[in-house]
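1. Give me coordinates for this.
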Amino acid sequence: LFIDHWWTLGCILFSLAVSVKMNVLLFSVPLLYLLLCAKGLQGAVEHIMLCGFVQIVVALPFLLSHPFEYVMGSFNLGRIFMHRWSVNLKFLPEEIFISKQLALGLLGLHLASISLFYFMHLHGRYKFKWNKEATKLSPEFVAQMMFTGNFIGIVFARTLHFQFYAWYFHAIPALLWGTDLQVGMRLGMFALIEMAFNITDPRGCHSSPKSPDCGSPLPHGGMVLTATHLLLLVAIFWSPRWIASKSKKS
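-> Numbering: from 1, shown residues only. Model prediction:
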């Protein structure tokens with residue numbers, strides 16, 4: 001929808017998706033920038049308010065009955081994840097994995113990476129006006145922005161469980177082929193990411209009852225995944241500058 005410039009409908013569905021799964025918020029920063037480019041400051045504010053309105057409508061039954069419990073449960077950012085099922089950080093000791101210092105460090109790296117990408121690829125390109133005519137952005141630019149913003153969040157996520165692969169695997173080819181890496185390197189990195197999510201611990205899988213570790217991620221798989229993610233992020237960072245190819249609507 002955003003590629004086809006259906007910003008209003010896209011924002012409604014975006015907000016509905018956030019109400020189902022908070023991972024969708026990883027798209028919020030690039031979406032904000034795209035709204036500023038396409039609609040100006042006034043249009044961006046209007047669409048953000050629309051997203052907020054959708055959230056209120058969806059949450060209204062719960063806010064009327066149990067407002068405190070709903071807000072605390074929906075936005076529990078301090079919850080502790082299970083070390084056993086972490087694909088990306090299984091190689092870390094559990095006491096480090098559950099520490100607040102790691103969570104804050106990853107958040108800082110996430111924000112720093114977004115800032116670096118902004119200054120490398122986007123800074124000084126557009127002067128955001130309060131009110132302006134709608135602007136068309138190229139499909140490639142919209143997809144590149146959204147995929148990269150989501151991927152930065154994936155790289156610095158506190159944990160990635162197996163199901164998280166479905167969240168971004170479809171974007172990996174687009175990200176890889178947007179870099180200057182050789183084809184063999186691109187295919188190899190894609191294969192390593194695939195391997196990290198599909199090779200699991202076989203210990204205790206054939207015993208009765210099965211061991212709790214049966215089918216859990218392997219520590220060295222997490223090391224491979226993290227290293228590959230970081231390498232791809234660096235390759236994207238040094239890729240050719242993004243081109244919006246915008247033009248005025250007739």
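
2. all contacts plus neighbour counts: C-alpha atoms, from now on.
-> OK.

3. List the contacts of residue 178.
-> Contact criterion CA atoms under 8 Å, 6 or more residues apart in numbering gives 236, 239 as the residues in contact with residue 178.

4. and it, helix, strand or coil?
-> Judged by DSSP: H, G, I helix; E, B strand; the rest coil, the three-state class of residue 178 is coil.

5. quick one, phi/psi of it?
-> Listed backbone geometry of residue 178 is phi -90, psi 0, with angles given as degrees, to the nearest 10.

6. how close does it sit to residue 233?
-> To residue 233, residue 178 is 11 Å away according to CA to CA, to the nearest Å.

7. Check residue 201 too.
-> As judged by CA to CA, residue 201 and residue 233 stand 28 Å apart.

8. Which of these two has more residues huddled nearby?
-> When neighbours are counted by other CA atoms under 10 Å, residue 201 and residue 233 differ, and residue 233 comes out ahead with 21 against 14.

9. hang on, isn't the more buried one packed against residue 152?
-> Yes: the pair formed by residue 233 and residue 152 meets the contact definition of CA atoms under 8 Å, at 7.4 Å.

10. can you pull out the helices in this structure?
-> For the chain, the helices defined by DSSP state H cover 7-20, 28-65, 67-74, 94-97, 100-117, 139-155, 165-168, 172-176, 183-198, 219-237.

11. Report the distance from the fourth one to the chain centre.
-> Helix 94-97 has its average C-alpha position 23 Å from the chain's average C-alpha position, going by CA atoms, centre = their mean, to the nearest Å.

12. again, but for the longest one
-> The offset between the C-alpha centroid of helix 28-65 and the centroid of the whole chain comes to 18 Å, using CA atoms, centre = their mean.

13. List the buried residues in that helix.
-> Buried positions in helix 28-65, judged by neighbour count with 16 or more other CA atoms under 10 Å: 28, 30-45, 47-48, 50-51, 54-55, 59.

14. Kindly report the same for the fifth one.
-> Within helix 100-117, the residues that qualify as buried by neighbour count (16+ other CA under 10 Å) are 103, 106-107, 110, 113-114, 117.

15. mind listing what the one residue sitting closest to the centre of the chain touches?
-> Within the chain, one residue has its C-alpha closest to the average C-alpha position: by CA atoms, centre = their mean, that is residue 150, at 2.4 Å. Contacts were defined as CA under 8 Å, 6+ apart; by that measure residue 150 touches 26-27, 168.

16. Of the residues you listed, select the buried ones using a ChimeraX command.
-> Listed next is the ChimeraX selection for buried residues among the contacts of residue 150, using 16+ other CA under 10 Å:
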select :26,27
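
17. The contacts of residue 150 into TSV, with extra columns for pLDDT?
-> Shown next, in TSV, are the contacts of residue 150 (pLDDT from 0 to 100):
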residue	pLDDT
26	92
27	93
168	92
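
18. could you dump the contacts of residue 150 to CSV with distance to residue 85?
-> Output for the contacts of residue 150, formatted as CSV (distance: CA to CA, whole Å):
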residue, distance to residue 85
26, 21
27, 24
168, 18
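
19. Which one of the contacts of residue 150 is nearest to residue 4?
-> In terms of CA to CA, no member of the contacts of residue 150 lies closer to residue 4 than residue 27, at 16.9 Å.

20. can you tell me how far the residue sitting furthest away from the middle of the chain sits from residue 214?
-> Centroid-distance maximum for the chain: residue 208 at 38.9 Å, with CA atoms, centre = their mean. If you measure residue 208 against residue 214 using CA to CA, the figure is 11 Å.
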